[in-house]
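1. Mind folding the following:
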Amino acid sequence: MNSDIEQLKKKIIYRSNYRGTKEMDKLLGAFTNTYINQLNEKDLLDLQKLLNFEDEDLFNFYKGLNTNIEFEENNVNSLFKKFKYVVD
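-> Here you go, the predicted structure:
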């Protein structure tokens, strides 16, 4: 596999697990761990964009609550909205 893709995956995994709030660390970490190896390059770039949003906006998007941010319609955002996080 391309080393650039592997580097991108490592950055995404790190960013998804070290957010700032423990709840989002767990939610985004679990989401990323579930899908990271199934995503193509475009999806990985979309996931990287998703991770740039603030935790509160991401949580509201995930829960279907109002947010002032316009989220793109793409595969990653769709997977995230449908993701069922199970508390361990």
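
2. Now do the contacts for Leu28.
-> By C-beta atoms under 8 Å, 6 or more residues apart in numbering, Leu28 lies in contact with Ser16, Asn17, Arg19, Leu51, Leu58. From N, CA and C alone the C-beta is placed, and that goes for glycine too.

3. hmm, 10 Å instead?
-> Going by C-beta atoms under 10 Å, 6 or more residues apart in numbering, Leu28 touches 12-13, 15-19, 21, 47, 50-51, 55, 58-59, 62, 80, 83, 85.

4. Likewise for Phe61?
-> Contacts for Phe61 (C-beta under 10 Å, 6+ apart) come out as Leu50, Phe53, Thr67, Ile69, Phe71, Asn77, Phe80, Lys81.

5. how close does Glu6 sit to Gln38?
-> Glu6 is 15 Å from Gln38, where distance means C-beta to C-beta, to the nearest Å.

6. how about Lys26, what does it touch?
-> Ser16, Asn17, Arg19, Tyr85, Val87, Asp88.

7. Which of these has the largest number of neighbours?
-> Ser16 (23 neighbours; other C-beta atoms under 10 Å).

8. Low-confidence ranges, the chain, go.
-> For the chain, the stretches flagged by pLDDT under 70 are 1, 88.

9. 90 instead?
-> 1-3, 20, 67-68, 85-88 (pLDDT under 90).

10. Show the residue spans covered by the helices in it.
-> 3-17, 22-35, 41-50, 55-63, 75-82 (DSSP state H).

11. pretty sure Asp25 contacts Tyr18?
-> Yes. The pair Asp25 / Tyr18 is scored as a contact, 6.5 Å apart, by C-beta atoms under 10 Å.

12. of the two, who's got more company?
-> Asp25 (15 against 11).

13. which residues does that one contact?
-> Residues counted as contacts of Asp25 (C-beta under 10 Å, 6+ apart) are Ser16, Asn17, Tyr18, Arg19, Asp55.
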